[in-house]
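Asker: give me a 3D structure for the following:
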Amino acid sequence: MKRVEQPDAVTKDTCLWLLAGAEEGGYSGADPGETHGLSPLLSRETGRTEISLSCAAMWFRQEQIIRTVLERIAAEGISVWAVKGFDLAGSVYPFPGGRPMCDADLFIREEDRQKIMGIFQRAGWSKGSPGDGVFTSGIVSEMKMFKQGVMAELHTHIFYFPATFPGKLPTDLFENGRLLEPGLMGFAWHNALLLVIIHLLTNVSIRPVWWVDVCLLCRKVSESGTWNEFAHNASGTQLGHAISGILETASSDLKAPVPEETVEALFNCNSEREVILDQLKQGKKIPTLMNLKHLRGWKKVSWACALSWLILTGKQPLKKE
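Answerer: Just a heads-up that it's a prediction; the model follows:
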């Protein structure tokens with residue numbers, strides 16, 4: 001099995017503390033210092049009140065600004081789906097400020113895309129990159145929205161360029177969701193874990209907080225008894241082999257409750273298209289060119305024309321950040 005980047009000592013100690021119940025005053029691991037990615041989560045344990053208060057205030061402000069648009073979305077009888085930190089901060093962490101984030105990631109159904117974008121704009125949000133055309137056509141899966149210094153990212157897919165995704169997203173992705181508040185849903189635990197791991201796999205390095213996300217979600221999947229559903233959906237992505245590496249590290253190094261049979265089953269799901277993960281991590285123009293390779297029909301033609309124009313004008317092609 002290909003060994004993934006190992007978590008550091010602070011991350012290991014933090015996961016052990018959390019999985020044991022996160023009793024206040026019970027953390028006995030290494031001091032993270034003030035710059036470590038887990039210092040907000042451990043701020044109460046280490047007595048860094050300023051970090052705790054600052055992160056709590058940032059979370060509260062972000063939540064309140066986004067809540068106003070969620071109320072409008074709920075009034076329309078639809079929902080957006082929180083993913084990664086915006087879900088986990090209030091769902092699995094001891095306190096929301098312990099899971100800092102730069103933006104709120106929101107998954108939306110493709111059929112709701114135009115309606116939700118309209119609701120955001122009427123609520124005073126402005127659109128950022130990459131622009132309507134490549135987002136509404138499905139060439140890219142992300143639209144950044146801004147209001148009062150808060151950023152929300154609307155996603156229709158976990159890959160920035162959906163055409164490069166090796167397999168298929170779970171057919172039950174929008175089923176058995178968790179109601180977080182009016183207008184906002186959370187994915188079933190097995191799918192929440194799957195999306196977090198896929199996102200982790202597309203990045204060059206693994207942040208400590210992502211390891212914590214994985215461990216806490218593994219516990220939720222175990223409690224819900226849905227490891228079979230996770231394994232089925234993970235194999236369908238054609239990234240099962242890579243996913244097994246993350247789970248094996250979470251289990252052996254961080255003591256996350258992962259069944260051995262799940263790791264073994266996914267280890268045998270090798271896919272030649274997992275090379276896409278390595279290409280994505282190289283950055284530069286490779287993700288953009290990969291997208292051109294895998295697009296079909298009119299999208300391929302329009303993307304080729306757009307890239308040609310960017311090359312002629314010397315502008316930077318779109319790529320996953």
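Asker: can you name the element that comes right after the helix ranked longest in the chain?
Answerer: If you go by DSSP state H, the chain has its longest helix at helix 49-75. Using DSSP states H and E, the next helix or strand after helix 49-75 towards the C-terminus is strand 80-82.
Asker: which residues sit against that following strand?
Answerer: Residues outside strand 80-82 that contact it (Cβ atoms under 8 Å, 6 or more residues apart in numbering) are 70, 73, 104-108, 116, 154, 174, 177, 180, 183-187. Glycine gets a C-beta too; all of them are placed from N, C-alpha and C.
Asker: secondary structure element for residue 179?
Answerer: Assigned by DSSP H and E, residue 179 falls within strand 178-181.
Asker: each with direction, which strands does that strand pair with?
Answerer: strand 184-186 (antiparallel) (DSSP bridges).
Asker: following element in sequence after the strand it pairs with, please.
Answerer: Strand 184-186 is succeeded, C-terminally, by helix 189-201 (DSSP H and E).
Asker: export only the CA atoms of that following helix, formatted as PDB.
Answerer: The C-alpha atoms that make up helix 189-201 are tabulated as PDB, following Å, rounded to 0.1, in the frame of the first residue of the first chain:
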ATOM      1  CA  TRP A 189     -22.000  10.300   7.700                       C
ATOM      2  CA  HIS A 190     -20.600   7.800   5.300                       C
ATOM      3  CA  ASN A 191     -20.900  10.300   2.400                       C
ATOM      4  CA  ALA A 192     -19.500  13.200   4.500                       C
ATOM      5  CA  LEU A 193     -16.400  11.000   5.200                       C
ATOM      6  CA  LEU A 194     -16.100  10.100   1.500                       C
ATOM      7  CA  LEU A 195     -16.200  13.700   0.300                       C
ATOM      8  CA  VAL A 196     -13.700  14.800   3.000                       C
ATOM      9  CA  ILE A 197     -11.200  12.100   2.000                       C
ATOM     10  CA  ILE A 198     -11.600  12.800  -1.800                       C
ATOM     11  CA  HIS A 199     -10.900  16.500  -1.100                       C
ATOM     12  CA  LEU A 200      -7.900  15.500   1.000                       C
ATOM     13  CA  LEU A 201      -6.500  13.300  -1.800                       C
END
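Asker: got the contact list for it?
Answerer: 83-84, 87-88, 107, 158-159, 170, 172-173, 186-187, 206, 210, 213-214, 217-218, 220-221, 223-224, 226-227, 229-230, 233-234, 237, 239, 242-243, 246-247, 277.
Asker: toward the C-terminus, what is the element adjacent to it?
Answerer: Next element after helix 189-201 (DSSP H and E): helix 208-224.
Asker: now do that next one, average pLDDT.
Answerer: The pLDDT scores in helix 208-224 average 98.
Asker: now do that helix: everything it contacts.
Answerer: Under Cβ under 8 Å, 6+ apart, the answer for helix 208-224 is 7-8, 10-11, 14-15, 18-19, 36-38, 41, 84-85, 88, 92-93, 99-100, 188-190, 192-193, 196-197, 199-200, 227, 230, 246-247, 250-251, 254-258.
Asker: returning to what we had before: distance between the longest helix of the chain and the chain's centre?
Answerer: Its chain's C-alpha centre and that of helix 49-75 lie 18 Å apart, by Cα atoms, centre = their mean, to the nearest Å.
Asker: so which bits of that helix are buried?
Answerer: By neighbour count with 16 or more other Cβ atoms under 10 Å, helix 49-75 contains the buried residues 51-52, 55-56, 58-59, 62-63, 65-66, 69-70, 73.
Asker: thanks a lot, catch you later.
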